[in-house]
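1. Pasting a predicted model and its sequence here:
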Amino acid sequence: MVFVPRVLYVQKAALSYPRAARAIRILKKKDVPVVEFSGRLPLGHTDDVQRFFLSKRSLVLSVRKPTPFATCRPSADYQLPLASGCPGLCEYCYLHTALGLRSYLRVYVNLEETLSDAARLMEASPEPLRFEGAATSDPLPAERYTGVLADTISFFAGCQAWFRFVTKSADIEPLFGIRHAGRTTVRFSVNAERYIGSFEHGTAGLLERLSAAHRLRHEGYPVGLLVAPVFLESGWEDAYLQLIRQIKKAGLDGVELEFVTHRFTARARENIRRVFPHTNLPMQEEGRRYRRGQFGYGKYVYDESTMSRARDVMLGEVARLLPRSRVLYFV
Ligand code: SF4
């Protein structure tokens with residue numbers, strides 16, 4: 001599935017950047033209207049739920065303000081701010097907390113300044129650093145218009161550092177033919193099919209993502225799978241055993257695995273219920289533990305006994321069916 005935005009919004013300050021010119025040229029050929037703006041994004045709807053759905057079908061290009069990179073545990077040392085937001089419509093999306101109803105896809109055109117900031121951090125660090133390019137976004141859907149990932153991958157190919165990003169898109173053609181030197185790990189976020197069907201909208205299907213992972217592995221990229229969010233609700237054992245079998249069947253034994261269990265904040269729950277009033281997401285507080293998060297807001301996570309059993313069962317199945325894969329973390 002290729003993302004074609006309904007409108008391209010370009011911040012006036014971004015117009016002088018070649019990356020913006022490229023996106024405008026490509027999207028104009030597809031008859032996508034281009035709207036220049038300064039200040040607030042002119043989405044033109046008073047109802048914020050309608051504005052949310054409209055904005056998800058838009059692409060915004062802007063200039064990133066120079067702010068220090070945030071940390072990004074456990075997946076990396078720092079967030080690499082290439083973009084924010086995403087055109088996907090996953091009901092559980094973590095962006096409902098970080099960005100509220102403004103989670104449209106915004107790509108920063110001043111990439112070279114961001115990479116210079118990253119280079120300064122690398123120089124100051126005694127250890128090779130890891131940078132996460134998808135901490136607050138899915139940057140891949142806009143890649144064919146912006147080229148931001150391609151230039152970042154090439155940059156890291158010449159560095160003593162690591163770049164990684166995660167996606168639910170299978171639009172991987174723009175990632176072929178780039179010199180990556182094995183320094184970029186492309187991860188696909190996956191889940192048991194029953195949860196993809198219920199809660200993920202506007203994203204590639206599971207088999208498409210697994211097939212895209214296989215093709216990129218063939219291209220020499222280090223590849224990973226982020227199983228998230230893991231729902232520990234009735235029947236989870238069968239659902240995730242089936243997923244692990246599908247990963248094996250797709251020829252992906254040996255990829256790195258990360259597991260993140262489902263969690264929600266009070267703010268996200270409120271936004272999710274406004275945008276998806278009929279959602280079946282499990283967001284009751286029973287069976288959950290309240291934990292203060294890295295960025296200051298509290299979240300409801302599964303209680304320790306549920307987590308511990310899930311960790312034992314899933315890691316046991318991974319060891320049995322995917323013996324060459326390494327699990328980086330289960331949180
Ligand atoms: Fe959010 Fe990721 Fe889904 Fe995009 S693909 S809506 S970032 S959970």
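-> Okay, I see it.

2. Up against the ligand, what does the stretch 1-150 of the chain have?
-> Cys86, Gly88, Leu89, Cys90, Cys93, Leu95, Asp138 (C-beta under 6 Å from any ligand atom). Backbone N, C-alpha and C define where each C-beta goes, glycine included.

3. Name the member of the residues you listed with the most neighbours.
-> Cys86 (29 neighbours; other C-beta atoms under 10 Å).

4. can you pull the contacts of the closest residue to it other than its chain neighbours?
-> Residue nearest to Cys86 in three dimensions, not counting chain neighbours: Asp138, with 4.0 Å by C-beta to C-beta, 6 or more residues apart in numbering. Taking C-beta atoms under 8 Å, 6 or more residues apart in numbering as the criterion, Asp138 is in contact with Cys86, Pro87, Gly88, Leu105, Val166, Thr167, Lys168, Ser169.

5. Assign the last one to helix, strand or coil.
-> Taken by DSSP: H, G, I helix; E, B strand; the rest coil, the conformation at Ser169 corresponds to coil.

6. Can you name the element that comes right after the helix or strand of the chain with the lowest mean pLDDT?
-> One helix or strand of the chain scores below all others by mean pLDDT, DSSP states H and E: helix 95-98, with a mean of 82. Once the chain leaves helix 95-98, the next helix or strand it forms, by DSSP states H and E, is strand 105-108.

7. For the longest helix seen in the chain, name the packing helices and strands.
-> With DSSP state H setting the assignment, residue counts place helix 304-321 as the longest helix in the chain. Of the remaining helices and strands, those touching helix 304-321 by 3 or more C-beta pairs under 8 Å, 6 or more residues apart in numbering; DSSP states H and E are helix 236-249, strand 256-261, strand 327-330.

8. And the strands in the stretch 151-300 of the chain?
-> Counting by DSSP state E, counting those that start in this stretch, one finds strands in the stretch 151-300 of the chain at the ranges 162-167, 184-190, 223-230, 256-261, 288-292, 298-302.

9. which one of these lies closest to the ligand?
-> For these, proximity to the ligand was assessed by C-beta to the nearest ligand atom; strand 184-190 is nearest, at 6.3 Å.

10. Can you tell me, leaving aside adjacent residues, what's nearest to Gly307?
-> Quick fix: residue 307 is Met, not Gly. Looking at Met307 with C-beta to C-beta, 6+ apart, the closest residue is Thr261, at 6.5 Å.

11. correct me, but that neighbour touches Val331?
-> Yes: contact between Thr261 and Val331 holds when scored by C-beta atoms under 8 Å: they sit 6.8 Å apart.

12. these two touch, right, Ile272 and Thr279?
-> Yes: the criterion here is C-beta under 8 Å, and Ile272 meets it with Thr279 at 5.9 Å.

13. Which one of the residues in the stretch 151-300 of the chain is closest to the ligand?
-> For the stretch 151-300 of the chain, the nearest residue to the ligand under the criterion C-beta to the nearest ligand atom is Lys168, separated by 4.0 Å.

14. how many other residues sit next to that residue?
-> Here the number of neighbours of Lys168 (other C-beta under 10 Å) works out to 25.

15. How about the one 4 residues further on?
-> Ile172 has 22 neighbouring residues, counting by other C-beta under 10 Å.

16. Contacts only, for it.
-> Contact criterion C-beta under 8 Å, 6+ apart gives Leu140, Val186, Ala212, Arg215, Leu216 as the residues in contact with Ile172.

17. what about 6 Å?
-> When contacts are counted by C-beta atoms under 6 Å, 6 or more residues apart in numbering, Ile172 is found next to Ala212, Leu216.

18. Would you list the phi and psi of it?
-> Note on Ile172: its backbone torsions stand at phi -100, psi 0 [degrees, to the nearest 10].

19. Assumed Ala142 was part of a helix.
-> Yes: going by three-state DSSP, the assignment for Ala142 places it inside a helix.
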